[in-house]
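Trainee: Quick one, what's the 3D model for this:
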Amino acid sequence: MPEGSELRVYTDGGARGNPGPAAIGIVVCDASDQVLREHSEYIGEGTNNEAEYRAVIGALEVVRSFSPSEILFVSDSELLVRQLNGLYRVRNPRIAELFDEVKRKARGFRKVSFTHRPRLTGHLERADALVNEALDGAGF
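Mentor: Got it, this is the predicted structure:
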């Protein structure tokens, strides 16, 4: 992938129980939506919303090696997308910390944007499967 290119990053986070054991799933694609990398990880205890944020934070670390200039994040979490786009206020103190971490890490790229898509469409379906694989692998 040429340095400075656009990436599309599909993220999902989930918890079994809310809060409960949580995991993240990340699918990194090029601008033509071809998969470049997948990542899944058990992240310990958390809520669904915390896991959604942790997936974006994890993805910002994963994509660093690609040196993209632009990143389009795609998530099925309407709350996450609306908060990161400034349409909803962040009221939960723990989410506020994660929100700030996303914004800090995103400053390392020329452009980072967030869009919402329905659950289990396209590469979001694979991101969801990665969450479940991580949870299953961790014994949950």
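Trainee: show me what contacts the residue nearest to residue 24 when sequence neighbours are not counted?
Mentor: Leaving aside its sequence neighbours, residue 24 sits nearest to residue 55 (CB to CB, 6 or more residues apart in numbering; 3.9 Å). Where you see a C-beta, it was placed from the backbone N, CA and C, and this is true even at glycine. The contact partners of residue 55, by CB atoms under 8 Å, 6 or more residues apart in numbering, come to 11-13, 24-26, 75, 127.
Trainee: Who wins on neighbours among those residues?
Mentor: residue 11 (33 neighbours; other CB atoms under 10 Å).
Trainee: so which strand or helix has the residue lying closest to that one once chain neighbours are set aside?
Mentor: Leaving out its chain neighbours, the residue that sits closest to residue 11 by CB to CB, 6+ apart is residue 55, at 3.9 Å. Assigned by DSSP states H and E, residue 55 belongs to helix 48-62.
Trainee: Residue 94 now?
Mentor: Going by DSSP H and E, residue 94 is in helix 93-106.
Trainee: Which of the residues in the helix or strand just after that helix are classified as buried?
Mentor: Toward the C-terminal end, the helix or strand that comes next after helix 93-106 (DSSP H and E) is strand 111-116. Neighbour-count burial for strand 111-116, counted by 16 or more other CB atoms under 10 Å, picks out 112, 114.
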